[in-house]
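In: let me see the structure of the following:
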Amino acid sequence: MTNIAAMLERYNQLLQAALAQNPRAANESSEAKSEEAAPVPEAPATAPSGAEDSGVTPPPEKASPQKQPTSPLLRRPKLDPVEMAELEKSAVELLRQSSSVQIQAKKAGTPAGEAKSTPLTTASATASKKKDKDKAPTSEQLDSLSLPPLLLVQLKIIKSEARTLGKTLDEIHDWIALNIPQMKEEDNVGVAVMAGVIQELAGSIVKVRGVYDLEASYVSDRAELDVKYLKTTDAESTLQAIEVCDADTWDTLEKGWRAMMRVSLMVHSTLAKNMRLLKDPRSAPKHNLHL
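Out: Residues are numbered from 1 along each chain as shown. As a prediction, this is how the structure comes out:
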């Protein structure tokens, strides 16, 4: 971590590239620019003096309806007329077989509940298989559940950078831990400094590992939501939850870059202030603790 300025500049460039692809951040920036560039509303025109004298009031202006944006995830697949006709045909066949079983049971003097219902059972199994087939996800549903490619690319980039930073912090942690001297009654200031630096490094490593796990956490959450949507295709709340999950992951990605920049800066500052004692714990007994 000798060239901390270059590392922070690299993280900042990657952060700005991620913000440029974040839909929520892009919408907020465009709204802010539109508000700044919005023209000043003109004063309403006054009616002529003759109209006021005659008592005639101008008709109110009709407000143009605003079209609500529709998300591609909320587009529901249309029902196929051919499949609907097959379902109706199977239902009619099921009712016909059920009626014939009841008529045969009445002629034989057997209660309807004890009559053989093999045809009915077969028809029920056929209808059940048809129903399960209808529940299978369509190609449109699967296309609507595809993961955002730009988000996946950004998650892979930050995962790679977090892995490199975590490896560096692990090496620094091990170097300090292996150089800790034995405790002495008259001089333990350097040992205390090294212990404090190790504790701070351990917390920084945990934060970097959390950034490293962003991709796995996002894919796991999306998998649960996708399975829930495929099981209950009529639940629009699940579709909204998927959109929120994607948008929140973009925000979490931004927080991850900022956390890595903060960790790099804090660790560099701590090492620079305490490097003398980290190299030689017995060199300066009156060294101040900069933690």
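
In: quick one: low-confidence parts of the stretch 101-250 of the chain?
Out: Flagging of the stretch 101-250 of the chain using pLDDT under 70 yields the residue ranges 101-144, 186-187, 233-235.

In: change it to 50
Out: Counting by pLDDT under 50, the stretch 101-250 of the chain has low-confidence residues at 112-120, 132-133.

In: what ranges do the helices span in it?
Out: Ranges of helices in the stretch 101-250 of the chain, per DSSP state H, counting those that start in this stretch, are 118-135, 139-144, 149-178, 189-212, 214-231, 236-279.

In: can you check which of those gets nearest to residue 9?
Out: Nearest of those to residue 9, taken as C-beta to C-beta: helix 236-279 at 9.9 Å. To be clear about C-beta, it is placed using only N, CA and C from the backbone, and glycine gets the same treatment.

In: that older thread, got TSV for the helices of the stretch 101-250 of the chain, with distance to residue 12 too?
Out: As requested, the helices of the stretch 101-250 of the chain are arranged in TSV below (distance: least, C-beta to C-beta, whole Å):
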stretch	distance to residue 12
helix 118-135	49
helix 139-144	35
helix 149-178	12
helix 189-212	15
helix 214-231	18
helix 236-279	7
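
In: quick one, phi psi at residue 182?
Out: phi -70, psi 150 (degrees, to the nearest 10).

In: tell me, how many residues neighbour it?
Out: Using other C-beta atoms under 10 Å, the number of residues around residue 182 comes to 6.

In: tabulate the helices of the stretch 101-250 of the chain (JSON lines), appending distance to residue 26 and mean neighbour count.
Out: Output for these, formatted as JSON lines (distance: least, C-beta to C-beta, whole Å; neighbours: other C-beta atoms under 10 Å):
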{"stretch": "helix 118-135", "distance to residue 26": "37", "mean neighbour count": "12"}
{"stretch": "helix 139-144", "distance to residue 26": "21", "mean neighbour count": "13"}
{"stretch": "helix 149-178", "distance to residue 26": "11", "mean neighbour count": "16"}
{"stretch": "helix 189-212", "distance to residue 26": "23", "mean neighbour count": "18"}
{"stretch": "helix 214-231", "distance to residue 26": "20", "mean neighbour count": "15"}
{"stretch": "helix 236-279", "distance to residue 26": "10", "mean neighbour count": "17"}
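
In: of all those helices, which lies closest to residue 28?
Out: The closest of the helices of the stretch 101-250 of the chain to residue 28 is helix 236-279. By C-beta to C-beta, the value is 11.1 Å.

In: by how many degrees do the closest one and helix 214-231 diverge?
Out: Helix 236-279 and helix 214-231 are oriented at 170 degrees to each other (axes from the mean of the first three to the mean of the last three C-alpha atoms, to 10 degrees).

In: show me what helix 236-279 is packed against.
Out: helix 4-21, helix 23-36, helix 149-178, helix 189-212, helix 214-231 (3 or more C-beta pairs under 8 Å, 6 or more residues apart in numbering; DSSP states H and E).

In: let me have these in a markdown table, extended by distance to residue 268.
Out: Output for the helices and strands packed on helix 236-279, formatted as a markdown table (distance: least, C-beta to C-beta, whole Å):
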| stretch | distance to residue 268 |
| --- | --- |
| helix 4-21 | 4 |
| helix 23-36 | 28 |
| helix 149-178 | 10 |
| helix 189-212 | 11 |
| helix 214-231 | 23 |
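
In: does residue 221 touch residue 244 like I think?
Out: No. Residue 221 is beyond contact range of residue 244, at 10.4 Å (criterion: C-beta atoms under 8 Å).

In: out of the helices of the stretch 101-250 of the chain, flag the one nearest residue 3.
Out: Proximity to residue 3 (C-beta to C-beta) singles out helix 236-279 among the helices of the stretch 101-250 of the chain, at 9.9 Å.

In: that older thread, of the helices of the stretch 101-250 of the chain, which is nearest residue 25?
Out: Between the helices of the stretch 101-250 of the chain, helix 236-279 lies closest to residue 25; by C-beta to C-beta that is 7.3 Å.

In: so that closest one versus helix 149-178, what angle?
Out: 30 degrees.

In: related to what we said a few turns ago, of all the helices of the stretch 101-250 of the chain, which lies closest to residue 11?
Out: Across the helices of the stretch 101-250 of the chain, residue 11 has its closest neighbour in helix 236-279 (4.8 Å, C-beta to C-beta).

In: okay, angle between the closest one and helix 189-212 too, please.
Out: Computed by the same axes, to 10 degrees, the angle separating helix 236-279 from helix 189-212 equals 160 degrees.

In: all good on my end, thank you.
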